[in-house]
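> Give me the fold of what follows.
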Amino acid sequence: MPDPRSAVRRLIALVREVISLYGRLGGSQFAAAISYRALFSLIPLATFVATVLAQVLSSSRVDQQDLVSAIGDQFDLSPQGVARLDTLISSVPSPWSLAGLFTLGLALWGATGVMNSMQKTLAVVFDGGISRSLVRGRLVSGLLVLGALGVILAAVVLSMLENVARTWSERIDETLGWQPFGFGLLLGVVVPAVLLFGILVLLYRYLPRRRPGWRAALLGGGAAAIGFQGLQVGLGWYLSGPADFTQIYGSAAAIFVFLFSVYLSATVFVICAILTGVLEDALGGEPAAGAPTTLPLAEFAFPGPLREKLVAAILSGEKTTTTGLYEEYLREGKALEEPRSRSLVIDSDGRPVAVIETLEVALRRFADVGLQFAIDEGEGFETVAAWREAHVRFFTSPEMIAALGEPPVPIDDDTIVVCETFRLVEIVG
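From the prediction side, this is the model:
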């Protein structure tokens, strides 16, 4: 039978790791970036949606006023906002004209801003900051905007169905004295919650380049869906009770409320993305977590005080770069590490201590290594000269000469070195 105390300890450790990563990765800055881009993507997105809706309304018998009212209810628009949306839909040019295509293209491009911020956030969490190219990133963001359009339309339809079901239920209740089936609860709460859960799972599963497993994505998406629902309830209570933004900001209160709610929602999104990444490592979705002994070994320096110092720097997160001689790879017939490959760090006794993941590998002249790379080696270098002196001493040490064999490798400005950037995935052992 599982020990409840052990489960509680694991849960506490999980929460602590997520909070630690949120701080180290700058999660609050990503949440702020998403909310900022959301503010400036809202109008282009509304224009894009209005263009599509205008065509739907012009080609069908749907009453425009009912649909506009449903959209206003979904986004909590003021009466003035609903009136402006009605005017906007009526004035949008046909997308099949030159002006319409131009408007549609600009709106789609502008609406991709918040999606780009979400992609960059997940790239930092899952891919070590390695994001898609500009063109591919915009294409993916465009597809996400189209997906958002589908979600908005689905939400509008659900809102309309909920209103119809509520009216129908009230009439039956007045006539027969009973409420039928709880359609209002089903369409107003259950279906939107399930839809939100599915969207978040798909985002966490398919948007990163290094895709997490289904178990981690389901757990992370579930936590995010619960967080969003709790945030809506709490924010609704806060804005209707203790907080009165209109007294402070006047007519601009709607903007501040919008930014406040989007920032909190983005914070939930970022935290649960980090949670998904941590769960992926913990659940063994990658060989690094499931079977670390099957990974290639990463041996830093030679056994002894220097290796112990470097291992300690890796475990503390201070060391994220390392430098090796390219000639060593050539003489030993080794291939260069590849981005996203993982290896097992061992200490002086050969015991596994950590799993690291390669983020970037570059060949550089010895004289071209920069200060930031030297600092990130985690050995306390404050100048490139100090970094250079320490590496010349190591590369010309008797241990290194014995390991490489004859002839000795000359170390000068033109010596080619392998500069690797990595991240700590997990501590083992």
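> Enumerate every residue touching Gly147.
Gly147 sits next to Ile199 when contact means CB atoms under 8 Å, 6 or more residues apart in numbering. Every C-beta, even on glycine, is put in place using the N, C-alpha and C of the backbone.
> Just the element for it, please.
Counting by DSSP states H and E, the element that carries Gly147 is helix 134-176.
> Ok, Leu21 next?
Counting by DSSP H and E, Leu21 is part of helix 4-24.
> Can you mark which positions in that helix are buried?
Buried positions in helix 4-24, judged by neighbour count with 16 or more other CB atoms under 10 Å: Glu17, Val18, Leu21, Tyr22.
> Tell me the one of those nearest Ile411?
Leu21 (38.0 Å; CB to CB).
> mean confidence score for stretch 421-428?
Stretch 421-428 shows an average pLDDT of 89 in the prediction.
> Excluding residues flanking it in the chain, which one is nearest Gly198?
Excluding its sequence neighbours, the residue lying closest to Gly198 (CB to CB, 6 or more residues apart in numbering) is Gly221, at 7.7 Å.
> Who are the contact partners of the one you found?
Phe197, Gly198, Leu200, Val201, Leu202, Leu203, Tyr204, Arg205, Cys272, Thr276.
> Tell me the spacing between it and Leu279.
For Gly221, the distance to Leu279 equals 11 Å [CB to CB, to the nearest Å].
> cool, and Gln119?
Counting by CB to CB, the gap from Gln119 to Leu279 is 21 Å.
> and what of Leu235?
According to CB to CB, Leu235 stands 26 Å off from Leu279.
> likewise Thr267?
Between Thr267 and Leu279 the computed distance is 18 Å (CB to CB).
> Please identify which of these two sits among more neighbours.
Neighbour count, other CB atoms under 10 Å: between Thr267 and Leu279, Leu279 has more, with 24 against 20.
> And that one, how close does it get to Phe228?
18 Å.
> Likewise for Val114?
Val114 is 16 Å from Phe228, by CB to CB.
> Among the two, which residue is more densely surrounded?
With neighbours defined as other CB under 10 Å, Val114 and Phe228 compare such that Val114 has more, 27 against 19.
> The helix or strand hosting that one - contacts with which helices or strands?
In this assignment (DSSP H and E), Val114 forms part of helix 113-127. Secondary-structure packing of helix 113-127 (3 or more CB pairs under 8 Å, 6 or more residues apart in numbering; DSSP states H and E): helix 27-58, helix 134-176, helix 191-206, helix 253-282.
> least reliable of those helices going by mean pLDDT?
Looking at those, the lowest mean pLDDT belongs to helix 134-176 (a mean of 65).
> in the host helix or strand of the residue nearest to Gly198, what counts as buried?
Element membership for Gly221 (DSSP H and E) is helix 214-240. Applying a neighbour-count criterion of 16+ other CB under 10 Å, one finds Ala216, Ala217, Leu218, Leu219, Gly220, Gly221, Ala223, Ala224, Ala225, Gly227, Phe228, Leu235 buried in helix 214-240.
> which one of those residues is nearest Leu297?
Closest approach between those and Leu297, by CB to CB: Ala216, at 26.5 Å.
> can you count the residues close to Phe394?
By other CB under 10 Å, the residues close to Phe394 number 16.
> Hmm, I typed the wrong one, I wanted Asp376.
Residues lying near Asp376 (other CB under 10 Å) number 17.
> same thing with Thr358?
Neighbours of Thr358 using other CB under 10 Å come to 20.
> Quick check: the gap between Leu275 and Gly350.
Distance of Leu275 to Gly350, given as CB to CB: 34 Å.
> More neighbours: those two, which one.
Remark: of Leu275 and Gly350, Leu275 carries more neighbours, 25 against 9, as counted by other CB under 10 Å.
> In this structure the more buried one contacts Leu218, no?
No: in this structure Leu275 lies outside contact range of Leu218 using CB atoms under 8 Å: 11.7 Å.
> Now do the longest strand seen in the chain: which elements does it pack against?
Using DSSP state E, we find that the single longest strand of the chain is strand 352-365. With contacts taken as 3+ CB pairs under 8 Å, 6+ apart, strand 352-365 sits against helix 287-290, helix 305-316, strand 342-346, strand 416-427.
> buried set for that strand?
Pro352, Val353, Ala354, Val355, Ile356, Glu357, Thr358, Leu359, Arg364.
> tell me the angle it makes with helix 253-282.
110 degrees (axes from the mean of the first three to the mean of the last three CA atoms, to 10 degrees).
> Pull up the pairing partners for strand 352-365, direction included.
Counting by DSSP bridges, the strands paired with strand 352-365 are strand 342-346 (antiparallel), strand 416-427 (antiparallel).
> can you tell which of those is closest to Arg393?
Among the strands paired with strand 352-365, strand 416-427 comes nearest to Arg393, with 14.5 Å by CB to CB.
> Buried residues in that closest one, which are they?
Val417, Val418, Cys419, Glu420, Thr421, Phe422, Arg423, Leu424, Val425, Glu426.
> Which single one of those is nearest to Ser35?
Using CB to CB, the buried residues of strand 416-427 come closest to Ser35 at Arg423, 26.5 Å.
> rewinding a little: any chance of the buried residues of strand 352-365 in TSV, with distance to Arg84 too?
Shown next, in TSV, are the buried residues of strand 352-365 (distance: CB to CB, whole Å):
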residue	distance to Arg84
Pro352	62
Val353	61
Ala354	56
Val355	54
Ile356	54
Glu357	49
Thr358	52
Leu359	47
Arg364	56
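> Got the domain ranges for this protein?
Under the assignment automatic domain parsing, the domains of the chain span 4-285, 292-427.
> For Leu275, see how far away Gly222 is.
Distance from Gly222 to Leu275, by CB to CB: 10 Å.
> which stretch of helix or strand covers Thr322?
Judged by DSSP H and E, Thr322 forms part of strand 321-325.
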